[in-house]
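Undergrad: I'd like to go over a predicted model; first the sequence, then the structure.
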Amino acid sequence: MDSAENDMSDTLQELPLGVLSPQVTQGSFHEPIAREDTQQSEQLDKSSLGLENVAAQKPSFQPRQTSGKYNLNDFHILRTLGTGSFGRVHLVRSNHNGRFYAMKVLKKKTIVKLKQVEHTNDERRMLSVVAHPFIIRMWGTFQDHQQVFMIMDYIEGGELFSLLRKSQRFPNPVAKFYAAEVCLALEYLHSLDIIYRDLKPENVLLDKNGHVKITDFGFAKFVPDVTFTLCGTPDYIAPEVVSTKPYNKSVDWWSFGILIFEMLAGYTPFYDSNTMKTYENILNAELQFPPFFQADVQDLLSKLITRDLSKRLGNLQNGSDDVKNHPWFSEVVWEKLLCRNIETPYEPPVQAGQGDTSQYDRYPEEEITYGRDGEDTHRELFSEF
């Protein structure tokens, strides 16, 4: 066990949170999927979908301009923090103020090939709009002939996923703390008519003090009414998405329930090594709880992980208040939590502000070819970068 793992276990077990119990984990990580919107009209009768309580459309969505704010010469690239289908995320240091940032680099050619242009542009738009204590902050964007770049805060504490895998599962109060902060982030996004659509432990980072930061807005979308896109991560996708029905913010509350379940159990409730079987389970399988789940969290999860949209908490008349007022969250002081005035259950063992990468895995480094001159056949598709 490495030093970070020792520090984590000691920190959690010093608190009156119960002992971390071993639990077999299923799957190494959650792989996202995406499919284009179907060509259907989105003007549907909400009453037939259980969506009667969707908020009235708000004033026009106003993303701020981010293009041209920086360029590659403003940063020194240090190391890779993560990789994905479209590119990678680097730790970089500003050549001007000396601060560390995360630079997300996506390959235009791959984005176009996999038909993810709309999702990529949506990510930039969503991140240019949001400002919340528990959501990643984007500072600016730019592009060269092959890549688009997003400059964001560097969050030193790593992924909640990594902490969960080391812990195997979280004690009830630890899971409750992270769930409560995520709940406030979802409430904020939904107030802007943004659905997130890819909630999972890999997309929840921990800052230097142990507070959450929701990251990766690749599937986030401004949806004042309903949408149809099949996207997300199999273990976490809501049944209305799997069955290609129109959906709205309801899908985030289903995923929120799955996240709480995984934090407490160490595995997701509908997992199968065969993705199609996972989908079948999401549509048909009974929700079964481990025997150590307390009655109040079983009640909460049964009301979040429900296929009946007219009964799913968060999707009812009182919106997120129904979730926040549930007995499982009874001791949470939401105003203090929003101000980050509640002590975190775990403080990552990092040196703040020093570009500490001890909480991130190592990845093979590639030769950096960013910024080279060449023909750009896709610039118009990413004009807002």
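TA: Sure, I can see it. Keep in mind the model is a prediction, meaning the values are calculated, not measured.

Undergrad: Break down the stretch 1-150 of the chain into its helices, ranges please.
TA: Counting by DSSP state H, counting those that start in this stretch, the stretch 1-150 of the chain has helices at residues 3-14, 108-113, 117-129.

Undergrad: mean confidence for the biggest helix by length in the chain?
TA: What stands out as the longest helix in the chain, according to DSSP state H, is helix 172-191. Averaging pLDDT along helix 172-191 yields 98.

Undergrad: again with stretch 104-113
TA: 95.

Undergrad: can you give me the strands for the stretch 151-300 of the chain?
TA: For the stretch 151-300 of the chain, the strands defined by DSSP state E, counting those that start in this stretch occupy 194-195, 204-206, 212-214, 221-222, 231-232.

Undergrad: can I get those in a markdown table with mean pLDDT, mean neighbour count and distance to residue 169?
TA: For the C-beta atoms, the positions are set from N, CA and C on the backbone; glycine is no exception. Below are the strands of the stretch 151-300 of the chain laid out as a markdown table (pLDDT from 0 to 100; neighbours: other CB atoms under 10 Å; distance: least, CB to CB, whole Å):
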| stretch | mean pLDDT | mean neighbour count | distance to residue 169 |
| --- | --- | --- | --- |
| strand 194-195 | 96 | 24 | 28 |
| strand 204-206 | 98 | 25 | 16 |
| strand 212-214 | 98 | 23 | 18 |
| strand 221-222 | 94 | 18 | 32 |
| strand 231-232 | 89 | 23 | 23 |
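
Undergrad: so can I have JSON lines of the ones you listed showing distance to residue 249?
TA: Output for the strands of the stretch 151-300 of the chain, formatted as JSON lines (distance: least, CB to CB, whole Å):
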{"stretch": "strand 194-195", "distance to residue 249": "5"}
{"stretch": "strand 204-206", "distance to residue 249": "18"}
{"stretch": "strand 212-214", "distance to residue 249": "15"}
{"stretch": "strand 221-222", "distance to residue 249": "11"}
{"stretch": "strand 231-232", "distance to residue 249": "14"}
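
Undergrad: wait, what's in contact with the residue nearest to residue 242 when sequence neighbours are not counted?
TA: Closest residue in space to residue 242, ignoring its immediate chain neighbours: residue 279 at 5.0 Å, by CB to CB, 6 or more residues apart in numbering. Counting by CB atoms under 8 Å, 6 or more residues apart in numbering, residue 279 touches 234, 237, 242.

Undergrad: any idea which of those residues is closest to residue 90?
TA: The closest of the contacts of residue 279 to residue 90 turns out to be residue 234 (CB to CB; 28.0 Å).
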